[in-house]
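Trainee: I need the structure of the sequence given here:
(one chain, ligands or ions: 2)
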Amino acid sequence: MMHDSVITSALTVMLSALLLTLGALFILYRIMRTPKPGSSIPKAPSGEHEALLALFVGVLVPAGILLYALRFSPYATLTPDAMHGISAAPSENRSDAELLQMGKSLFGVHCAVCHGPDGNAPGGKGANLTHRISFDSALLNIRRGAHNFKRTFPGGMPPMIADIDRAAQVAHYVSSGFTENERGELLYRMLKCERCHGPDGRGKQFLGPNIREFDLQTVALVLKNGKNGVIGKMPRFEHFTDEEGRALGLYVMGLSETPQ
Ligand code: HEC
Ligand code: HEC
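Mentor: Numbering: from 1, shown residues only. Ligands and ions are numbered 1, 2, ... in the order given. Here you go, the predicted structure:
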C-alpha cells in the first residue's frame, strides 16, 4: 500500500506546480499588457501595485499551499494504512474506552437495523457479528470463491474445492474459530489455505483476510467495500472518518469476544 502515499505526495506537488505555472503565466500576462515606453496609451499608475498583487496571488499563495501540504497537512503524517481507514496507531484524542462508546452509538444508528442492537442479527438481515464467520458463509466462499475486496486482495479467493464433504469439514474448522474438526484442520493445510490466510488464519497482506477473528482491518474492509454473500448484501459505508471506522472496528471486535 506504500504506493498510495507516494501518489498523494506526487499529486500535491503536481497541483502546486500547476498553481505556480498559472501564477507565472498571470505575471507574464501583466507584463505584456504593460504598455511599452513611447506607446500612445498612458501607463496605468497602479501598474506596480498590480504586479505586486500578481506576485502575491500567483507565487506566494501556491508556494504557501505547497509548504503546508508537504509539512503540516494531515496527509504529511498519515500512514498509508490510516488513509484507508485502517489505522493501527491509537487515536491521539480519544481513549479506546471512549472509542468503544462512540462505536456503540454509531452501530445503533447505522448497523443495528440489519445486525440487531447486540450484533447477533436476530432478524437474519445481516451477518451474526458475535462470530467471525458462519458455517454457511465459509462453505460458500470455499466452494465458489469471492471477490469483494479486489483493491486490497487483488487475487481474490479462487474456488478452492468442489468436493462438498471435504469443503464442509474445512468450513466447520474455520467457522468454529479454528478449534473443532481435526480432519478440517488437516485439510486446511493440505489444500494450502495457509498460503493466503496464514497457518493460524489471521491473514496475510495482499493475499487474504483474517478469517479467524475480527480485526480493525477486516471491519474497515467490509465498511469500505460492502459485502455480498450467502446472507445477502451489505451496503458500502464510505463516509465514516478514520476515527469512526476505528470505533466501529473496536465495537465489532468486542461483540465477538462475548458470544451469546
Ligand atoms: C490465493 C489466495 C487464497 C487461498 C489459497 C485461499 N483463500 Fe480464502 N480468501 C482469499 C481472499 C483474497 C479472500 C477475500 C475474498 C474477497 O475479496 O471477498 C478470502 C476469503 C475467504 C473466506 C471468507 C472470509 C469472509 O470474510 O467472508 C473464507 C472462509 C476463506 N477464504 C477460507 C479459505 C479456506 C478454508 C481456504 C483453503 C481451502 C482458502 N480460503 C484458500 C484468498 C485465498
Ligand atoms: C442493509 C443491511 C446492513 C447494514 C445496514 C449493515 N450491514 Fe453489515 N452485513 C450485512 C449483510 C447481509 C452481511 C453479510 C454478507 C454476507 O452474506 O457475507 C454483513 C456483513 C458484515 C460484516 C462481515 C461479517 C462476515 O461474515 O465477514 C461486518 C463486519 C459488518 N457487516 C459490519 C457492519 C457495520 C459495522 C455496519 C454499520 C456501519 C453494518 N454492517 C451495516 C448487512 C448490513
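Trainee: G208 touches K192, doesn't it?
Mentor: No - the criterion here is Cβ atoms under 8 Å, and G208 misses it with K192 at 11.2 Å. For glycine as for every other residue, the C-beta is placed from the backbone atoms N, C-alpha and C.
Trainee: Name the nearest residue to L216, ignoring sequence neighbours.
Mentor: Distances taken as Cβ to Cβ, 6 or more residues apart in numbering place G249 nearest to L216, at 4.0 Å, with adjacent residues excluded.
Trainee: Does the one you found lie in a helix or a strand, and which?
Mentor: Using DSSP states H and E, the element containing G249 is helix 242-257.
Trainee: can you give me the offset of that helix from its chain's centre?
Mentor: 14 Å (Cα atoms, centre = their mean, to the nearest Å).
Trainee: How about it and ligand 2, any contact?
Mentor: Yes - on the criterion Cβ under 6 Å from any ligand atom, helix 242-257 is in touch with ligand 2 at L248, V252.
Trainee: What of stretch 127-143?
Mentor: Yes - contact of stretch 127-143 with ligand 2 (Cβ under 6 Å from any ligand atom) involves A127, L129, I133, S137.
Trainee: follow-up on the earlier one: the residue nearest to L216: neighbouring residues, count only.
Mentor: 24 (other Cβ atoms under 10 Å).
Trainee: And it, what's its pLDDT?
Mentor: G249 is assigned 96 on the pLDDT scale.
Trainee: if we can go back for a sec, among the residues of stretch 127-143 next to ligand 2, which pair sits farthest apart?
Mentor: The largest separation in the residues of stretch 127-143 next to ligand 2, counting by Cβ to Cβ, is between L129 and S137 at 12.0 Å.
Trainee: how is the chain carved up into domains?
Mentor: For the chain, automatic domain parsing gives the domain ranges 2-77, 96-257.
Trainee: near ligand 1, which residues of the stretch 51-200 of the chain?
Mentor: 133, 137-138, 141-142, 146-149, 153, 155-158, 160-161, 170, 174, 188, 191-193, 195-197.
Trainee: redo that, cut-off 8 Å
Mentor: Residues of the stretch 51-200 of the chain found near ligand 1 (Cβ under 8 Å from any ligand atom) are 132-133, 137-138, 141-142, 145-150, 152-153, 155-158, 160-161, 167, 170-171, 173-175, 187-188, 191-193, 195-197.
Trainee: what about the residue in the chain positioned nearest to ligand 2, neighbour count?
Mentor: Residue nearest to ligand 2 within the chain: G229 (2.3 Å; Cβ to the nearest ligand atom). By other Cβ under 10 Å, the residues close to G229 number 17.
Trainee: In this structure P159 contacts A146, no?
Mentor: No - counting by Cβ under 8 Å, P159 stays clear of A146, with 9.3 Å between them.
Trainee: contacting residues around A146?
Mentor: By Cβ atoms under 8 Å, 6 or more residues apart in numbering, the contact set of A146 is L140, G156, M157, N228, G229.
Trainee: and the first one, how many residues sit next to it?
Mentor: L140 is flanked by 17 other residues according to other Cβ under 10 Å.
Trainee: Do a quick rundown of the helices in the stretch 51-200 of the chain.
Mentor: Counting by DSSP state H, counting those that start in this stretch, the stretch 51-200 of the chain has helices at residues 61-71, 74-77, 80-83, 96-110, 112-115, 135-144, 164-175, 182-190, 194-197.
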